[in-house]
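In: next one to model:
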Amino acid sequence: MNPKTGPLSGMRVIELAHIMAGPVCGLMLADMGADVIKVEKPTGDDSRRFVPPAIGGEAAAYMMMNRNKRGISLNLKDQGAVEVLRKLLADADVVVENYRLGTMEKLGLSYEDLAAANPRLIYCEISGFGRTGPYAERGGFDLIAQGMSGLMSITGEGPGRPPVKVAAPISDINAGILGAMGVSAAYANMLQTGKGQKVDTSLFEAAIVQTYWQSAIAFATGVKPEPLGSAHPLNAPYQAFRTSDGWINIGAANQSNWLRFLEVISAPELDEDPQFNSNAARIQNLPALIEILNGYLVRDTTENWLARMEKAQLPAGRVNDILQMHKDAQANARDMIVEVDHPSVGTVKTIGHPVKFSRTPAKVDHAAPVLGQHSREVLAEIGYETEKIDALIRSKAVIAA
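Out: Now for the predicted structure:
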């Protein structure tokens, strides 16, 4: 494995997490240079069975979420495996876990247990609803969090339609990012004070923070916001419009952009109409505005409109599908589509790290581990002799590739 170069180089993270939110946290930390050791059960992370699709027998979903990590497999029903984990945690900087409430306590691996031996430890818990409050014991799923946070009530084509989930598992992904942010902040504090702490976030909270604009409206008016399709609750026009051959997003919300937009579509008379001559008026009369603007925009192609809008310095962009995004020149220039070598599959593509550092660049340099790929390597690093490692593997306390 190549030496880590990112800003968190030197941090060791033990990831006791599965499927998505916890692994996203570990992925972010690993990209930024941390040595993330993923601990899996003998049957592996459940996302190993999220097939199809698979590439060379390996689940595409698992490979996406677990690149840049080393992997070991422990049977935590065996006391020998628990001792291995305890030894791993004894000098770790961070542990990330998303087990049900009480699981780590039953293993004798609660924050209080571990901090007594390792006071510098940062203990990150990512759960469905957080470790306090009336829902603390509930399991967490993205769909449930999206619904309970209010997100599904504001997502969809319009009022009166069925609730719609954001297609991406946004609460899972955002909870992982929030976890990585919390860990990084706690790590900075630990370097100053020598003391670790708990970091506690949840899918529920990760979904709630996506409602900033709509919550602001509700706080101010006492009225529940409704779904608006691709439109914006505070600015117009700011949404997707149909062209003759596809869809285009247009951000002509402030007055100067609105006037430039009218020049591009050759409709200056619309600014003289009291229904549309201010942002407040356009929001109030949005359905009529959309119908009028669609009538103009379907007259030409997406490519031609984009060229005109770029010339006018008007915010606009094509509505890409995922395959188009993968080929986008800017996405590739920013290293958001990268290739890594997998030990059994060969070269695979993955998504790059979204934060760029000038001095300590983040890097995606190796693929997700096969089950137990680094078990022997990691055990040797924490002091186990070859004979003891062999015994642990024979007893199936440890699984090795």
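In: which SS class is the residue nearest the centre of the chain?
Out: Nearest to the mean C-alpha position of the chain, by C-alpha atoms, centre = their mean, lies Ile173 at 2.7 Å. Under DSSP: H, G, I helix; E, B strand; the rest coil, Ile173 falls in the helix class.
In: go ahead and confirm it touches Gly22.
Out: No: the criterion here is C-beta atoms under 8 Å, and Ile173 misses it with Gly22 at 11.6 Å. For glycine as for every other residue, the C-beta is placed from the backbone atoms N, C-alpha and C.
In: just the element for the spatially closest residue to Leu314 that is not a sequence neighbour, please.
Out: In space, not counting the residues next to it along the chain, Leu314 is nearest to Arg260; the distance is 5.1 Å by C-beta to C-beta, 6 or more residues apart in numbering. Using DSSP states H and E, Arg260 sits within helix 255-264.
In: now do Tyr384
Out: Judged by DSSP H and E, Tyr384 forms part of no helix or strand.
In: where along this protein do the strands fall?
Out: Under the criterion DSSP state E, the chain contains strands at 12-16, 35-40, 54-55, 58-59, 70-74, 94-97, 122-127, 198-202, 238-242, 247-251, 316-318, 337-342, 346-351, 398-399.
In: residues in contact with the residue nearest to the centre of the chain?
Out: Met20, Ala21, Val24 (C-beta atoms under 8 Å, 6 or more residues apart in numbering).
In: now these as a markdown table including neighbour count and pLDDT?
Out: Output for the contacts of Ile173, formatted as a markdown table (neighbours: other C-beta atoms under 10 Å; pLDDT from 0 to 100):
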| residue | neighbour count | pLDDT |
| --- | --- | --- |
| Met20 | 27 | 97 |
| Ala21 | 31 | 97 |
| Val24 | 24 | 98 |
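In: let me know the closest of these to Ile177.
Out: The closest of the contacts of Ile173 to Ile177 turns out to be Val24 (C-beta to C-beta; 6.5 Å).
In: to what extent is the residue lying closest to the closest one once chain neighbours are set aside buried, counted in neighbours?
Out: For Val24, ignoring the flanking residues on the chain, the nearest one in space by C-beta to C-beta, 6+ apart is Gly176 at 2.4 Å. Gly176: 29 surrounding residues under other C-beta atoms under 10 Å.
In: Gly176 against Pro23, yeah?
Out: Yes: between Gly176 and Pro23 a contact is recorded at 7.0 Å, counting by C-beta under 8 Å.
In: in stretch 309-322, what's buried?
Out: Neighbour counts using 16 or more other C-beta atoms under 10 Å place Met309, Leu314, Pro315, Ala316, Gly317, Arg318 of stretch 309-322 among the buried residues.
In: between these, which is closest to Glu58?
Out: Using C-beta to C-beta, Arg318 comes nearest to Glu58 of these, at 32.5 Å.
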